[in-house]
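>>> Give the three-dimensional model of this entry:
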Amino acid sequence: MRVVELNNSANWESIYSTNINAVSVPMQNGTNLISPIPEIVVPFVLDKFILAVSVDTDVPTDSVWRFAGYINQKISTGIVIGGGQDATAVNGRSLFLDRVNLILFQKISTSYAVSIRVPRWFPRAGVNVWQYIGVDDTSEEILFSQEFANINFKLDQIQSQL
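Below is the predicted model of the structure:
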């Protein structure tokens, strides 16, 4: 059974790209205060659960630093208390620097949002997000229905032998 074809570039769609700089605020004593890059929110709701994410920044090429932050899946619960937002971070996944990170989120909702947090000392963050648009038979519902069909087929075979 074919599940997904991740190695086919035609199955990937670029959905978000940004390049954000930390803000340098001059102080009265002549120094600068660096305001870290805030949480990067992909500005739309997603319904595909396989993503690829890359993060790059300006670090020395001889650096051994490889951690690029986290990507968070946020599911809307529909529960609002005190007029606040109802989105809840469900899954956080680590990201590696200068590499395409494959992210497989659980299909626990029909749609979700994502945000990316980079380390506070990054002077710049370039973020690219792709979604997998190929055939995706990874849902438990599809797998369950196929198993159910196999069981029914076997039961029919047994009944025909009686």
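
>>> What distance do you get for residue 129 to residue 5?
Relative to residue 5, residue 129 is positioned 19 Å away (CB to CB, to the nearest Å). Where you see a C-beta, it was placed from the backbone N, CA and C, and this is true even at glycine.

>>> So which of those two has more stuff around it?
Taking neighbours as other CB atoms under 10 Å, residue 129 and residue 5 compare with residue 129 leading, 22 against 13.

>>> Correct me if wrong: residue 17 contacts residue 127.
Yes - counting by CB atoms under 8 Å, residue 17 does reach residue 127; the two are 7.0 Å apart.

>>> Just want to know which of these two has more residues nearby.
residue 127 (23 against 11).

>>> Need the per-residue pLDDT for that one.
At residue 127, the model reports a pLDDT of 98.

>>> That one pairs with what?
residue 18, residue 55 (DSSP bridges).

>>> Who are the contact partners of it?
16-20, 40, 53-55, 116, 118 (CB atoms under 8 Å, 6 or more residues apart in numbering).

>>> Let's see that with 6 Å instead.
18, 40, 55, 116 (CB atoms under 6 Å, 6 or more residues apart in numbering).

>>> what's the answer for residue 20, then?
Residue 20 makes contacts with 37, 125, as judged by CB under 6 Å, 6+ apart.

>>> and what of residue 103?
When contacts are counted by CB under 6 Å, 6+ apart, residue 103 touches 51, 53, 71, 93.
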